[in-house]
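> Predicted coordinates and the sequence they were generated for:
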Amino acid sequence: MPILNYTTKIDAVKTVGQIQEILGRKGATHVSVDYADGKASAVTFGLNLEGMPINFRLPCNIDGVSVALRREKKLTVARDRLQCERIAWRIVKDWVEAQMALVEAGQAEVSEVFMPYAIHSSGQTLFQAMKNRQFALTAGEQFQSLE
């Protein structure tokens, strides 16, 4: 099965704007774009969750898309960095829309769907910080294993 949005022609800048609009409509207190080497690399936004302002960062992994396309033998597309950028941002937009649909349908809370992307005091996302601590919760605690 081909990677989602692999044929998109929609410019990444337009997609990033759509993501900002979606988040704004759904209650974000602020939305900004992080840049690396002159290209959008993440969308950062804030939400008030139960009276607490929490910031989130949604990264866009263009290199991951390139690797996936190469793995799928879509070599002509994988060599095109702009196409990988378009695909990656469309996937982020679709994911944000799907998460918001879960919230609107009462199947999840906003904090539930975005929590891995909450910005930790270290400046990393909560997921990155936990991964660096080998998923230890507090002094030695870890998530329950299915093994």
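That came in fine, so what should we check first?
> Mind listing residues that contact the longest strand along the chain?
As assigned by DSSP state E, the longest strand anywhere in the chain is strand 39-49. In this structure, residues lying in contact with strand 39-49 by Cβ atoms under 8 Å, 6 or more residues apart in numbering are 12-13, 16, 19-20, 23, 27-35, 53-60, 62, 85, 89, 92, 110-111, 114, 119. Bear in mind the C-beta positions are built from the backbone N, C-alpha and C, glycine included.
> ok, that strand: who's next to it in the sheet?
Next to strand 39-49 in the sheet, as set by DSSP bridges, lie strand 30-36 (antiparallel), strand 52-59 (antiparallel).
> can you redo the ones you listed as JSON lines with distance to residue 136 and mean neighbour count?
Listed next are the strands paired with strand 39-49 as JSON lines, based on distance: least, Cβ to Cβ, whole Å; neighbours: other Cβ atoms under 10 Å:
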{"stretch": "strand 30-36", "distance to residue 136": "28", "mean neighbour count": "14"}
{"stretch": "strand 52-59", "distance to residue 136": "22", "mean neighbour count": "17"}
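> how about the longest helix seen in the chain: buried residues?
If you go by DSSP state H, the chain has its longest helix at helix 81-104. Neighbour-count burial for helix 81-104 flags 83-93, 96, 99-100, 103 (criterion: 16 or more other Cβ atoms under 10 Å).
> average pLDDT for that helix?
pLDDT averaged over helix 81-104 equals 95, rounded to a whole number.
> got the angle between that helix and strand 39-49?
Orientation of helix 81-104 against strand 39-49 (axes from the mean of the first three to the mean of the last three Cα atoms, to 10 degrees) gives an angle of 10 degrees.
> Can you check the pLDDT for residue 140?
What the model reports as pLDDT for residue 140 is 60.
> for the one 3 residues further on, same thing?
The pLDDT attached to residue 143 in the predicted structure is 54.
> for residue 137, same thing?
According to the per-residue confidence, residue 137 scores 67 in pLDDT.
> Please shift the residue numbers so they start at 25 in all later answers.
Got it, first residue is 25 now, which makes that one residue 161.
> looking at the chain, which helix or strand does the model trust least?
Taking mean pLDDT, DSSP states H and E as the measure, helix 99-102 is the helix or strand of the chain with the lowest mean score, a mean of 58.
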